[in-house]
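Visitor: Have a look at this prediction, sequence included:
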Amino acid sequence: MSCLVLCSHPDAQVVVRLAEALRGLAGGVLEFESFDAGEALLARAREARRAGDDVPLVFCCLGLAAIHGSDLFGQFDRDPLLRGARKVLLDRPDDREAVDALLQRGLMQARLDPGFGTGRLQHLLQRQLTDYVVHTAPHLIDDLDGLLDLSALAGAFSSAKENLERLSSRLNEVQHSVIGVDKMTDAKVEEAMIEEFDRILNRPGRRTYSPGEIIVNEGDDPGTIWIILRGRVKLFRTIDGEDVTFHSESAGRIVGLMSLSLQNPVFFSCRAATEVRALVLTRGEVREAIHRSPGLSNYLITVILRSMARRNRRATQLLVQVRSLNAKLERQRDELSATLEELKATQERLVDSAKMATLGQLAAGMAHELNNPVGAMMSATTHLGRDLERLLAAAPGLETAARTIPVARSSQPLSTRDERRLRDELARTLNLDPAQAARLVAAGVHGASQFEDLAGRAGRARAVDEIALAGQIGVALRNLSNCGGRIADLVRSLKAYAREDERFTDGVELNGTIEDVLLLLGNQLKRVELRKEYDPSVPPLRANPSQLQQVWTNLISNALQALEGSGSIVVRTSSPRESRVRVEVEDDGPGVPREVRERLFDPRFTTRAGRVEFGLGMGLPIARSIVRRHGGELGFESRPGRTVFRVDLPVDPPPVVS
Amino acid sequence: MNRIAILTLEDEPEVRQAIMRDLEPFARSFRLEGAEDAEDAREVLGAIEQDGDLAGLILCDHRLPGTTGVDFLAQLERAEEHRPIRKVLVTGQADHEDTIRAINAGGIHHYLPKPWQPEQLHAIVREQLTEFVLASDVDPMPYVAVLDGARLMGKIGRGSRID
């Protein structure tokens, strides 16, 4: 660390004399540097301070090249790092008033005649260094030991304690006087304050700002206050690129005071709302004015307090506004999401009923269209059989055929294994070739003795041909009748499924509704093992049978999809409690994947993207909505190897709310 | 004896009987067998082999108890001794994906949608069996009348040239 004494003076002789005198008085403690230009001196001072060196003393004259001495001092005063330096005018000025003004404004601390004597310099040195140590750099007390005025030093430090005490009693006083000032109106306090600043600072400079002009920007260094004499200002901050006004009525007439007192960067930007005329004061001026007029600090404090109170009230109002806006927003958001939910539910119901209606119409149409031809076909088959038998009975020489047709018509289909076994047996016992034997078996001939009965007196070869041919006719009639019956059953189930009304009927047999569905799904169920565990004692319930069938269809289709072709399904009914019935559809598939469970009942959700199948994606939500309409609940539990969808229904559901 | 067999794999008796009835014209020259499920079909294939006959053609339904026709045919395709068998899928219910799998994995030679016309079935059976005879070392002579005689004669001609 060094202690630098800086000097700028045009007269080289004066500089040399000062340097030598300082070396004599404080060689080894103070380092002396001289500069031709004031700017160079300023730059060096800043550099030294930034490097952590001290600059306790600066000498310069008023008439420097390029920069006036008083401006140089002003620069020192505005720079927080340099503010503590003691500034000495090394000049014999013509303008005594200017010097006095500099002294008064605290911009310089002493004056030294260029023709100084050593005693005078020593005295000045002692006094200024002591002040520097006391006000700015107490840590230099040891380094500057021999150069300080010890009694002044002692006085200064002992008076610090007194100062503290005085300060606290002053604070009391100020508080009292603030209460006194409090009786004055805002305008009066402000007027009084402005008058006092004018008086003490000898009417400092005014500035005019045109409307819209920026007076100070947020984030600027504090250090200046503006007292608005005329016009209005707005205080704002730039938030997300937009200027947001925080105070206009509540701005008050003093700008910059808060930042100044807190020594924080300027918080609000300030813009002239109208033409504004303002008194512009630097920190130095304010400090000096307060120092010289205790009354002024009362005014200032009052103005700060009132201005703070005003702005605080405004801030509170803003906060209240924000809160109520937030509450309103939240309410609107809640309403919106409730509306959305409702919309979704409505949509779901609409899709449900639209789908049901479409399926229902389709099924009803098909059932109607199929019913007539099937009926006619079945009736024709019956007539055909009967007429054929009558015709053959009357035909001489066709007795074998006449005996064979009723046997073939009433025969039951055999398994292919049994067919082969019987074929081989017949081929062996009757000594036929296997193809002939196979034709006999297909005709319903199951043994050699049956063959002999049918053949009667006819020769072996003719009997085989006749029995095979007549058997084929008989089996064809049987198949026509069986298949027609199956179509008729399907049509009946379709009609039940398509029952379009929304009405509930009493006495619905639960197991029956399931059986109808199993019949419809028969072909798909072939791929899996199906086990029915019906509780025959489940009570009849009040329900809409076609809608229940839709539920069973969807649950079983769902299980089939989960099994992907192989596995087993159990359909179980029970009555766990009085007046409740339960249907469970269980499969031993891989289980519902965890990530899918929550959305399982969401409409249109499908785990097999891209494949469209009957009911897929809508099946479970439709099932759930139907079950709920019946006052019941549809739930499921699932792990790999066992997934159960469970429908619980009341036997007597509450009236439907639609 | 060395007869060529046609196996119909179909679980519904009425449908199986209808197909086999439509195969009547082939009954003189070929062995006709029916099976109602995959297991039974394997049993029949075993019996055919045991009798010294050859399985030449399978007409197979798609939806079967416990499995699908495509899966069954794919299994046959993977077994060396069953690869030469001509395979026809007879179905009303295979979807697009099943069909692709039938061709890629099942080695299906033909696809016959239900319901079928007897003439259609006859043409397919004739063509497939002709292919089978041409690809095998079976003597084509007995089949010239019932199958595609012109093509079979071509084989006979080439055969004599090689001799």
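Guide: Arrived safely, thanks for sending. Quick caveat: nothing in here was measured; it's all calculated off a predicted structure.

Visitor: can you give me the strands for the stretch 51-200 of chain A?
Guide: Secondary structure of the stretch 51-200 of chain A by DSSP state E, counting those that start in this stretch: the strands cover A:54-60, A:86-90, A:110-112.

Visitor: Let me know which of those strands is the nearest to chain B.
Guide: Taking CB to the nearest CB as the criterion, strand A:54-60 is the member of the strands of the stretch 51-200 of chain A that comes nearest to chain B, at 89.5 Å. For glycine as for every other residue, the C-beta is placed from the backbone atoms N, C-alpha and C.

Visitor: Note down every partner strand of the closest one and its orientation.
Guide: Strand A:54-60 sits in its sheet next to strand A:3-8 (parallel), strand A:86-90 (parallel), going by DSSP bridges.

Visitor: Which elements pack onto the strand or helix carrying A:Asn482?
Guide: Under the criterion of DSSP states H and E, A:Asn482 resides in helix A:460-497. Helix A:460-497 is packed against helix A:294-394, helix A:399-410, helix A:434-442, helix A:448-455, helix A:510-520, helix A:545-563, helix B:13-22, with contacts defined by 3 or more CB pairs under 8 Å, 6 or more residues apart in numbering or on different chains; DSSP states H and E.

Visitor: again, only using 10 Å
Guide: Based on contacts counted as 3 or more CB pairs under 10 Å, 6 or more residues apart in numbering or on different chains; DSSP states H and E, the elements that helix A:460-497 packs against are helix A:294-394, helix A:399-410, helix A:434-442, helix A:448-455, helix A:510-520, helix A:522-525, helix A:545-563, helix B:13-22.

Visitor: got the contact list for B:Glu119?
Guide: Taking CB atoms under 10 Å, 6 or more residues apart in numbering or on different chains as the contact definition, B:Glu119 lies against B:Asp22.

Visitor: returning to that earlier point: adding mean neighbour count and distance to A:Leu600, write the helices and strands packed on helix A:460-497 out as TSV.
Guide: As requested, the helices and strands packed on helix A:460-497 are arranged in TSV below (neighbours: other CB atoms under 10 Å in any protein chain shown; distance: least, CB to CB, whole Å):
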stretch	mean neighbour count	distance to A:Leu600
helix A:294-394	14	14
helix A:399-410	20	50
helix A:434-442	22	50
helix A:448-455	16	58
helix A:510-520	20	21
helix A:522-525	14	21
helix A:545-563	23	9
helix B:13-22	19	38
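
Visitor: Out of those, flag the one nearest A:Gln122.
Guide: The closest approach between A:Gln122 and any of the helices and strands packed on helix A:460-497, judged by CB to CB, belongs to helix A:294-394 at 35.7 Å.

Visitor: how far does that closest one sit from the chain's center?
Guide: If you compare the mean C-alpha spot of helix A:294-394 with that of the full chain, they lie 22 Å apart, counting by CA atoms, centre = their mean, to the nearest Å.

Visitor: Any residue of that helix touching chain B?
Guide: No: between helix A:294-394 and chain B, judged by CB under 10 Å from any CB of the partner chain, nothing touches; the nearest distance is 12.9 Å.

Visitor: Flag the shaky bits of the stretch 1-150 of chain A, pLDDT-wise.
Guide: For the stretch 1-150 of chain A, residues meeting the criterion pLDDT under 70 lie at A:64-66.

Visitor: and the residue of it nearest chain B?
Guide: For the stretch 1-150 of chain A, the residue closest to chain B is A:Arg50, as judged by CB to the nearest CB, at 78.9 Å.

Visitor: In this structure that residue contacts A:Leu81, no?
Guide: Yes: under the criterion of CB atoms under 10 Å, A:Arg50 makes contact with A:Leu81 at 7.1 Å.

Visitor: residue boundaries of the helices in chain B?
Guide: Counting by DSSP state H, chain B has helices at residues B:13-22, B:38-50, B:69-78, B:96-104, B:118-135, B:149-162.
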